[in-house]
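Trainee: kindly generate the corresponding structure for this input.
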Amino acid sequence: MSGLIKEITSTANPLIKEIRALAMKKNRDASNTFIAEGLKLVTDAVERGWDIRTLVHGRRLEDDLAARVEALAAKVHARGGNVLQVSEKVLGAISKRDNPQIVLAVIEQNWMPLDEVKPSRSGLWVALDRVRDPGNLGTIIRTADAAGADGVLLIGATTDPFALEAVRATMGSIFHLPLARASNEQFLKWRSNWPGIVVGTHLSGAVDHRTIDYQDKPVMILMGNEQQGLPDMLARECDHLALIAMDGAADSLNLAIATGIMLFEARRHALILEPLND
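Mentor: Numbering: from 1, shown residues only. Below you'll find the predicted structure:
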């Protein structure tokens, strides 16, 4: 079925109201969709095979962008998605920015079932407990992608990775990296069958994070909430509790920075056995 092609100039249009409503998590959950902004991100989603429900683009396109946007719109329409050409006022109302991106899309969410999280011999996953800040979550997804991780597992009441701020922070990595989710109970049951090691960070960590043997086994990096860290229940599930040594006066690190340090340390050890591709 071919999608709808329509020009819209009013923010009161019902289709635009539906898209704007996706700013709220309850509406994203109900429709199983989210918004991604920018030509690069939307192109990444299309190329990775994500289901684009609606493509929205501005009317005034610079010559160097017009052909790319038109080609993208043709692909979305051919796959049955809607294509809306809108005014800059409408774009700004959706993105809530004075200088909005010229392209955005409503995309179907994509989750990996927990029972399909089965790592390779030297696989690397990140598990996050109750992350509150969507910018942190998006940055972690982007960093995990850069480190060659296999995916990200969200535990408990972690913020929505499909919130607009989180999607922006991923810079497109949300379309490259599998995401899974689990309640505390589901995670504990699933963890009992994890074939490798689980490494968590903790202020009372027993070992320097650089001394852990990450080689030749799947690794799960388990990170806690920004304010509270790992709860005892999850700390007990770790094979190693690590402390990131710091030399300055700061007593803590931003969660995304700390996760990046752990990921690249684990990946550095894995490189000895499995070099990254050029």
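Trainee: on the pLDDT front, check the residue at minimal distance from the centre of the chain for me.
Mentor: Geometric centre of the chain, nearest residue: residue 174, 3.9 Å, by C-alpha atoms, centre = their mean. At residue 174, the model reports a pLDDT of 97.
Trainee: report the contact partners of it.
Mentor: 36, 138, 141, 161-162, 166-167 (C-beta atoms under 8 Å, 6 or more residues apart in numbering). To be clear about C-beta, it is placed using only N, CA and C from the backbone, and glycine gets the same treatment.
Trainee: most neighbours out of these, which is it?
Mentor: residue 141 (30 neighbours; other C-beta atoms under 10 Å).
Trainee: can you tell me the closest non-neighbouring residue to that one?
Mentor: residue 170 (4.6 Å; C-beta to C-beta, 6 or more residues apart in numbering).
Trainee: distance check, that neighbour against residue 38.
Mentor: Going from residue 170 to residue 38 by C-beta to C-beta, to the nearest Å gives 11 Å.
Trainee: what residues does stretch 69-83 touch?
Mentor: 1-6, 15, 39, 42-43, 46, 51-55, 57, 61, 102-103, 105.
Trainee: quick check on the residue nearest to residue 141: phi, psi?
Mentor: Backbone torsions for residue 170, taken as degrees, to the nearest 10, come to phi -70, psi -20.
Trainee: these two touch, right, it and residue 138?
Mentor: Yes - counting by C-beta atoms under 8 Å, residue 170 touches residue 138, with 4.5 Å between them.
Trainee: what's the most distant pair in the contacts of residue 174?
Mentor: Greatest spacing in the contacts of residue 174, by C-beta to C-beta: 36 and 141 (13.0 Å).
Trainee: stretch 29-36: which residues count as buried?
Mentor: Using 16 or more other C-beta atoms under 10 Å as the test for burial, stretch 29-36 gives 33-36.
Trainee: typo on my end, it should be stretch 174-183
Mentor: 174-175, 177, 179-182.
Trainee: number of nearby residues for residue 84?
Mentor: By other C-beta under 10 Å, neighbour count at residue 84 equals 23.
Trainee: where along this structure do the strands fall?
Mentor: For the chain, the strands defined by DSSP state E cover 5-8, 33-37, 52-58, 82-86, 103-108, 124-129, 151-155, 179-182, 197-201, 207-208, 219-223, 240-243.
Trainee: residue 259 is nearest to which of the ones you listed?
Mentor: Closest among the strands of the chain, once you apply C-beta to C-beta, is strand 219-223, at 5.2 Å.
Trainee: list the buried residues of stretch 213-233.
Mentor: 214, 218-226, 229-230.
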